[in-house]
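K.L.:
give the three-dimensional model of this entry:
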Amino acid sequence: MLLLTQTVGRDVIDDGGRVLGRLGDLTVRLDADDLVVDRILVHAGRGRGLLLPWTSGTSIQQRTIRLASSVSAMAHASDDSALEADEIQLVRDVLDTQVIDITGQRLARVADVVLARRRDGRVQPVGVEVGFGAVLRRLGLGQLVSRLAPDTVA
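P.N.:
Next comes the predicted model:
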């Protein structure tokens, strides 16, 4: 399992080993049959953002995101101006939003997004963390988290 807040900010490296920038966000398409990470937003400096497709062979490693091909071989655009109508960014559109149950009652605020690696190399969101432990981890107080049970909503 991966956590969105621990994945964002990692260096993004192309297949030649060149650092393109830092991971800023992940996108998913809501109308797709299979909810998986579709593209990554890379902050490349000077306010420039690259929206790159998640291709087969792209992987999340210990400290980096390694792309399967060079950025010159991929179509790219700037930030969210190139998002499709059915596409959302997990950091911008999900993190810190409120989870509401089907009766309209507010439950909690999303503190993190839980991601899973699939056998085919793709990454998919599988739930959100709403507990106080995720908030402590984001504040840099991770050593206190082990005492708290995770509070995840699928």
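K.L.:
wait, what's in contact with Ile13?
P.N.:
Residues in contact with Ile13, defined by CB atoms under 8 Å, 6 or more residues apart in numbering, are Val19, Leu20, Thr64, Ile65, Arg66, Leu67. Backbone N, C-alpha and C define where each C-beta goes, glycine included.
K.L.:
in PyMOL, select just the buried ones from those.
P.N.:
Command for PyMOL that selects the buried part of the contacts of Ile13, burial taken from 16 or more other CB atoms under 10 Å:
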select buried, resi 20+65+66+67
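K.L.:
for Val94, state which of the contacts of Ile13 is nearest.
P.N.:
For the contacts of Ile13, the residue nearest Val94 by CB to CB is Ile65; the value is 18.8 Å.
K.L.:
quick one: residues in contact with the helix or strand containing that closest one.
P.N.:
Using DSSP states H and E, Ile65 falls within strand 64-66. Residues outside strand 64-66 that contact it (CB under 8 Å, 6+ apart) are Thr7, Arg10, Asp11, Val12, Ile13, Asp15, Leu23, Ile40, Thr58, Ser59.
K.L.:
now do the strands in this protein.
P.N.:
2-3, 11-13, 19-29, 37-45, 48-53, 59-60, 64-66, 87-89, 98-100, 106-109, 112-117, 123-129, 152-153 (DSSP state E).
K.L.:
weakest of those strands in terms of mean pLDDT?
P.N.:
The weakest mean pLDDT among the strands of the chain belongs to strand 152-153, with a mean of 74.
K.L.:
circling back to that earlier point, of the contacts of Ile13, just say which sits nearest to Val135.
P.N.:
Nearest to Val135, judged by CB to CB, of the contacts of Ile13 is Ile65 at 24.8 Å.
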